[in-house]
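Colleague: A structural model of the following input is requested.
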Amino acid sequence: MAHDWTSADNDHGESLVLPETTSRCITGSVTATHNFEVASYPLLEGMGVGKCVSSSNFSAGGHDWCIRFFPDGVTEHCAGNASVYLCYLGQANHVRAKFTLTMLEKQGKVQVTDKGRQEHEFSRVHPDWGFPKFVEKSRLLEPSSSSLLDGGSGYLTIRCAAESATAAHNFEVASYPLLDGMGVGRYVSSTTFGAGGYNWCILFYPDGSGGDCAG
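Modeller: Residues are numbered from 1 along each chain as shown. The predicted structure is shown next:
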């Protein structure tokens with residue numbers, strides 16, 4: 001069993017001078033974009049309230065997701081509207097994501113709707129979040145929009161751009177020779193840092209974590 005080297009005295013009652021340690025967390029962000037292409041939208045109209053078509057799974061921020069498109073709305077309260085949701089496919093809780101959901105037509109060249117950047121916490125219990133009234137069906141079906149629907153073919157694209165934070169944590173240990181001989185299974189620890197929605201720390205065992213680490 002590992003032990004943290006936190007005592008100010010050793011077994012002989014002599015004062016110990018522990019080396020200086022420093023932790024530094026460097027954060028950035030990465031944006032992953034997934035396009036869900038839907039052909040012949042008019043053929044989906046009338047498939048039924050609460051019924052959806054789903055994109056293939058894609059990865060963003062170390063988690064798996066998919067886009068769900070409800071041509072006739074997710075519930076009866078969405079009458080006259082199509083719904084779009086981002087769905088988390090993992091088993092973790094407290095997964096926070098920043099993302100945008102937009103609808104494009106004419107093979108991604110014309111923007112139909114953009115709800116702006118959203119931030120939401122997903123979990124395996126509540127895996128999806130989105131817009132019940134994402135776009136009015138009339139905008140996709142009326143003759144005046146045929147030029148947007150790529151010559152009337154009904155081709156549209158739902159684009160999800162998910163932004164996730166990246167974290168690099170540096171654990172600096174000064175005066176390593178002072179740690180040599182502190183004992184097998186004993187360690188010094190970095191401060192706690194967050195990454196991917198979880199808390200972590202780095203443990204450094206100068207003499208190894210177990211007897212099989214000699215040398």
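
Colleague: low-scoring pLDDT stretches of this protein, where are they?
Modeller: Low-confidence segments of the chain, defined by pLDDT under 70: 1-30, 106-110, 142-154, 164-169, 193-198, 211, 215.

Colleague: Show me where it has its helices.
Modeller: In the chain, the helices defined using DSSP state H lie at 41-44, 137-141.

Colleague: could these be laid out in JSON lines, adding distance to Phe204 and mean neighbour count?
Modeller: (Each C-beta comes from the backbone N, C-alpha and C, glycine too.) Shown next, in JSON lines, are those (distance: least, Cβ to Cβ, whole Å; neighbours: other Cβ atoms under 10 Å):
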{"stretch": "helix 41-44", "distance to Phe204": "56", "mean neighbour count": "16"}
{"stretch": "helix 137-141", "distance to Phe204": "58", "mean neighbour count": "16"}
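
Colleague: Let me have these in JSON lines, adding distance to Cys52 as columns.
Modeller: Conversion of the helices of the chain to JSON lines gives the following (distance: least, Cβ to Cβ, whole Å):
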{"stretch": "helix 41-44", "distance to Cys52": "10"}
{"stretch": "helix 137-141", "distance to Cys52": "14"}
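
Colleague: Next, count neighbours for Val95.
Modeller: Applying other Cβ atoms under 10 Å, we find 22 other residues in the vicinity of Val95.

Colleague: Next: Gly73.
Modeller: Counted with other Cβ under 10 Å, the neighbours of Gly73 add up to 22.

Colleague: show me what contacts it?
Modeller: Listed by Cβ atoms under 8 Å, 6 or more residues apart in numbering, the contact partners of Gly73 are 49-50, 79-83, 132-133.

Colleague: Could I have the buried ones of these as ChimeraX selection syntax?
Modeller: Typed into ChimeraX, the line below selects the buried ones among these, using 16 or more other Cβ atoms under 10 Å:
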select :81,82,83,133
